[in-house]
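1. Requesting a structural model of the entry that follows:
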Amino acid sequence: MKVQRLLILLSIAAIVAGCGSPDQVKRQTLSLIPEPVHKQVNQGQFQLTPETSIVVDEGNAELEELGEFLAKLINSATWYSLEVTTSASNENSIRLTIDDEGSYQNKEAYILTSDEEGVTIQSPSAQGVFYGVQTLRQLLPPEIEHTDPSLTPQDVEWMVPAVEIDDYPRFTYRGMHLDVARHFFPVEFVKKYIDILAMYKMNRFHWHLTEDQGWRIEIEQYPRLTEVGAWRDSTLVGHYGSGIYDGERYGGYYTQEEIREVVEYARDRYVTIIPEIEMPGHSSAALAAYPQFGCREDGDYQVQTTWGIFEDIYCPREETFKFLEDVLTETMELFPSEYIHIGGDEAPKAQWEESEVAQQVIQREGLEDEHELQSYFITRMERFLNEHGRQIIGWDEILEGGLAPNATVMSWRGIEGGIAAARQGHDVVMTPTSHVYLDYYQADPQTEPLAIGGFTTLKKTYSFEPVPDVLNEEEAQHVLGAQGNVWTEYIKSPDKAEYMAYPRAMAIAELDWTPKSKKNFTLFWRRLQNHFKRFDIMDINAAEHYRGTMPVLNNE
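-> Below is the predicted model of the structure:
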């Protein structure tokens, strides 16, 4: 008995050391992110060949598009030109199919099975099939990410391990954010950003388009928003308060045609873009273009050249509401998202306190103070959006003075705002600075590129739990998921944006998708190693801190 036990222990040790049978090694090293709900590795594998076909359901245009998407992905790395067909052949094929009769957790669920004959991905929706395709992508060697077959090593074996994967997301909202107002990013990078988050099964892209330092969305009725508001005279160099500026004009904006192009690109990857139009604060750039919508008598507004919070705020006169409704109307025409983000954060009230117009509105509407005036302001904008079939989402300051009836809260100043909103019956997206602000330092600030401050390692991000223990079961249902935020005061280039976002965004992808009980940082780190190889091929400038041996950081 002792000998038998010893042999078992030695076998386990051999597998951990990477010395087991090929099938045991695959079981140990399956590198999927996010970790599926259920996976089983079986004996055998499927070999992708030039004769492999992609079979889709007849008459399903979405699946045909997904078939072409997969065929293009494979062709760009292998030269293989796989036929997309409706033939019923199950041999040497990858089958994408809608399953109307199966029992699935939700519409984004999928089942992926593979053996020597082929691969089948089935789901109740094309979106679920898309997520299955992303899993298949990760089951293939990292070289599948090549976009020029001449760069792919000739000795790559295009093998898919035999697996059974039954998978679905924990949360409906799985998001990443990008601030393009402090620093502007070109369309091609925005597409790449969407590509990466879709690869990890995230489904929301929060596009922060307006700020004190720049207005980035073309509004045809108000051309000065981009003629004036999209450009600043200079930019702060170094940390806030340094007083040193570069003296260079800076700016840029997206045309409506470009925005439609990006929205369509995201749609093809089952990513919904949520645009953000800031109000009532963070409005300096808009007011520099149209000072009549502010409260200052001198009308002396400018597009801000430094970071921080500014006193400028929209004045609650009827002309201002008409202006904002016009802006939102054009925004809704560009973005089909159910949600329109209206900001609502960091809105100082000093100009309202001094404004005769604002005080008259407070008196007329029977409001308690300027905080209730902000609630009145937000509620008016919500009513307008609701009339057009949309919902508002805003930062947790929209709780102050009373929450608009149907608003969803994005809780950023910790989780307390999310708790309060959920207890009031409002939906919540958790995005606290403490864990998911990806503009914070991720390693020793002395050795890192300049950042806004803070300290959030990959391990800390991974440890975040979106559903607070203090919520009961009914209240917890209002937590839609979590989002990673990338603010760009100190992020000027696409390379640095990638460096700050990845791999931390992958931790967010996993905590949004994977059951809480299956989260394990050590195993996540091991799986991550395979993805660094993919990043090298995809030219993604991911931070290197967790490549290779896992470090121990004293600050964690």
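
2. mind listing what residue 130 touches?
-> 66, 269-270 (CB atoms under 8 Å, 6 or more residues apart in numbering). In short, each C-beta sits where N, CA and C put it, glycine included.

3. before we move on, what SS does it have?
-> helix (DSSP: H, G, I helix; E, B strand; the rest coil).

4. swap in residue 394?
-> Applying three-state DSSP to residue 394 yields a three-state assignment of strand.

5. so what's the backbone phi/psi at the residue lying closest to it once chain neighbours are set aside?
-> Spatial nearest neighbour of residue 394, chain neighbours left out: residue 344 (3.8 Å); criterion: CB to CB, 6 or more residues apart in numbering. The phi/psi pair for residue 344 (degrees, to the nearest 10) reads phi 90, psi 0.

6. Report the buried residues of stretch 99-115.
-> Buried positions in stretch 99-115, judged by neighbour count with 16 or more other CB atoms under 10 Å: 99, 104, 108-115.

7. quick one: secondary structure of the closest residue to residue 142 other than its chain neighbours?
-> In this structure, residue 142 finds its nearest non-sequential neighbour in residue 533, 4.0 Å apart by CB to CB, 6+ apart. Taking three-state DSSP as the rule, one finds residue 533 in the helix state.

8. show me where the stretch 451-556 of the chain has helices.
-> 458-462, 473-476, 494-501, 504-513, 521-538 (DSSP state H, counting those that start in this stretch).

9. Other residues contacting the fourth one?
-> In other words, helix 504-513. Contacts for helix 504-513 (CB under 8 Å, 6+ apart): 33-35, 169-171, 173-176, 196-197, 200-202, 436, 438, 442, 456, 458, 461-462, 464-466, 481-484, 519, 524, 528, 531, 543.

10. hmm, 7 Å instead?
-> Defining contact as CB atoms under 7 Å, 6 or more residues apart in numbering, one finds that helix 504-513 is touched by 33-35, 169-171, 174, 176, 197, 200-202, 436, 438, 442, 458, 461-462, 464, 466, 481-482, 484, 519, 524, 528, 531.

11. how about stretch 146-157: buried residues?
-> Buried residues in stretch 146-157, counted by 16+ other CB under 10 Å: 146, 152.

12. how long is that stretch from one end to the other?
-> 14 Å (CA to CA, to the nearest Å).

13. out of the buried residues of stretch 99-115, who's nearest residue 331?
-> residue 108 (26.5 Å; CB to CB).

14. show me what contacts the closest one?
-> Contacts here follow CB under 7 Å, 6+ apart; on that basis residue 108 touches 125, 127-128, 131, 168-169.

15. Phi and psi next, for it.
-> Dihedral pair for residue 108: phi -90, psi 0, per degrees, to the nearest 10.

16. again, but for residue 111
-> Dihedral pair for residue 111: phi -120, psi 130, per degrees, to the nearest 10.

17. likewise the one 3 residues further on?
-> Its backbone dihedrals place residue 114 at phi -140, psi 150, with angles given as degrees, to the nearest 10.

18. Report the beta-bridge partners for it.
-> residue 119 (DSSP bridges).

19. mind listing the helices for the stretch 1-150 of the chain?
-> Assignment of helices within the stretch 1-150 of the chain using DSSP H, counting those that start in this stretch yields the ranges 2-16, 22-29, 61-78, 126-139.

20. Any stretches of the stretch 301-450 of the chain with poor pLDDT?
-> Applying pLDDT under 70 to the stretch 301-450 of the chain flags no residue at all.

21. returning to that earlier point: looking at the contacts of residue 108, which has the most residues close by?
-> Across these, neighbour numbers were computed from other CB atoms under 10 Å; residue 131 holds the maximum, 27 neighbours.

22. How about the secondary structure of the closest residue to residue 143 other than its chain neighbours?
-> Distances taken as CB to CB, 6+ apart put residue 156 closest to residue 143, at 4.8 Å, once the chain neighbours are dropped. Assigned with three-state DSSP, residue 156 falls in the coil class.

23. what's the answer for the one 5 residues further on, then?
-> Reduced to three states with three-state DSSP, the structure at residue 161 is strand.

24. Just confirm it contacts residue 45, I think it does.
-> Yes: using CB atoms under 7 Å, residue 161 is in contact with residue 45, at 5.2 Å.

25. just for the stretch 151-300 of the chain, where's the confidence low?
-> Ranges of the stretch 151-300 of the chain meeting pLDDT under 70: none found.

26. mind running it again at 80?
-> The model of the stretch 151-300 of the chain has pLDDT under 80 over residues 240.

27. ranges for the strands of it?
-> Along the stretch 151-300 of the chain, counting by DSSP state E, counting those that start in this stretch, strands occupy 159-167, 173-179, 204-208, 210-211, 214-215, 231-232, 236-237, 244-245, 250-251, 272-279.

28. Repeat that for the stretch 401-550 of the chain.
-> 408-411, 428-430, 479-484.

29. picking that back up, would you reformat the buried residues of stretch 99-115 as TSV and include distance to residue 362 and pLDDT?
-> TSV is the format used below for the buried residues of stretch 99-115 (distance: CB to CB, whole Å; pLDDT from 0 to 100):
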residue	distance to residue 362	pLDDT
99	57	95
104	51	93
108	45	98
109	50	98
110	53	98
111	57	98
112	58	98
113	63	98
114	65	97
115	70	96
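
30. Greatest separation within these: which pair is it?
-> Maximum distance among the buried residues of stretch 99-115 (CB to CB): 24.7 Å, for 108 and 115.
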